[in-house]
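here are the coordinates; sequence isn't available:
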């Protein structure tokens, strides 16, 4: 018997943490990644944090340059060199692209439309990405409600 795997078209986990007082640098970016589900609490494989950190501090890097800067950053900060394979760096870049945080222009990556983070959150994530997920969930609520009404 073949089992059908149900894959979501889009998904995003949101977590609420304390306000970002007293956080800076990598710790602040890590909390952002945790807040939007790019990183799981307690996850030791946190290279996504450094990839985003590098992109935020550099404009227009290709995947090889991002990889080199991530490795350099992790060595400098005495972080384990986990998740730094080229294939994983590209996979993490795709995750950042999929939620509209970054975009690829030619062979370089940058923040989406070279915008600042609050604007990206408001225009791309909140108004578009999350809205489309929320609207589809509402359709399921309505469909289940309608089906239950029809049974009675």
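That came through fine. Here the structure is a predicted model, which is why all the values come from computation and not from measurement. Numbering: from 1, shown residues only.

just the terminal-to-terminal distance for stretch 117-134.
Using Cα to Cα, to the nearest Å, the end-to-end distance of stretch 117-134 comes to 22 Å.

contacts for it?
Applying Cβ atoms under 8 Å, 6 or more residues apart in numbering, the external contacts of stretch 117-134 come out as 10, 11, 12, 36, 56, 99, 100, 101, 111, 112, 113, 115. For glycine as for every other residue, the C-beta is placed from the backbone atoms N, C-alpha and C.

give me phi/psi at residue 104?
In terms of degrees, to the nearest 10, the main-chain angles of residue 104 are phi -100, psi 130.

isn't it right up against residue 98?
No: the pair residue 104 / residue 98 is not scored as a contact, 11.7 Å apart, by Cβ atoms under 8 Å.

ok, the closest residue to residue 46 other than its chain neighbours - contacts?
Sequence neighbours aside, residue 39 is the residue nearest to residue 46 in space, at 5.7 Å (criterion: Cβ to Cβ, 6 or more residues apart in numbering). Neighbour list for residue 39: 30, 33, 46, 48, 49 [criterion: Cβ under 8 Å, 6+ apart].

tell me where the longest helix sits in this structure.
helix 131-151 (DSSP state H).

so how far is it off the chain centroid?
27 Å (Cα atoms, centre = their mean, to the nearest Å).

show me what counts as buried in it.
The neighbour-count check on helix 131-151 (16 or more other Cβ atoms under 10 Å) flags nothing as buried.

ranges for the helices of this structure?
Under DSSP H, the chain gives helices at 25-35, 47-57, 63-76, 86-98, 117-120, 131-151.

just those: most buried one?
Across the helices of the chain, the average number of neighbours (mean count of other Cβ atoms under 10 Å) peaks for helix 47-57, which reaches a mean of 22.

need the contact partners of that helix.
With Cβ under 8 Å, 6+ apart as the criterion, helix 47-57 contacts 25-26, 29-30, 32-33, 38-39, 61, 66, 69-70, 73-74, 79, 82-84, 88-89, 92-93, 95-96, 101-102, 109-111, 117.

please apply the same query to stretch 5-21.
28, 31, 34-37, 41, 98-99, 125, 129-130, 132-133, 136.

likewise for stretch 80-99?
10, 12, 36, 38, 44-48, 51-52, 55, 63-64, 66-67, 70-71, 74-75, 102-104, 109, 125, 129.
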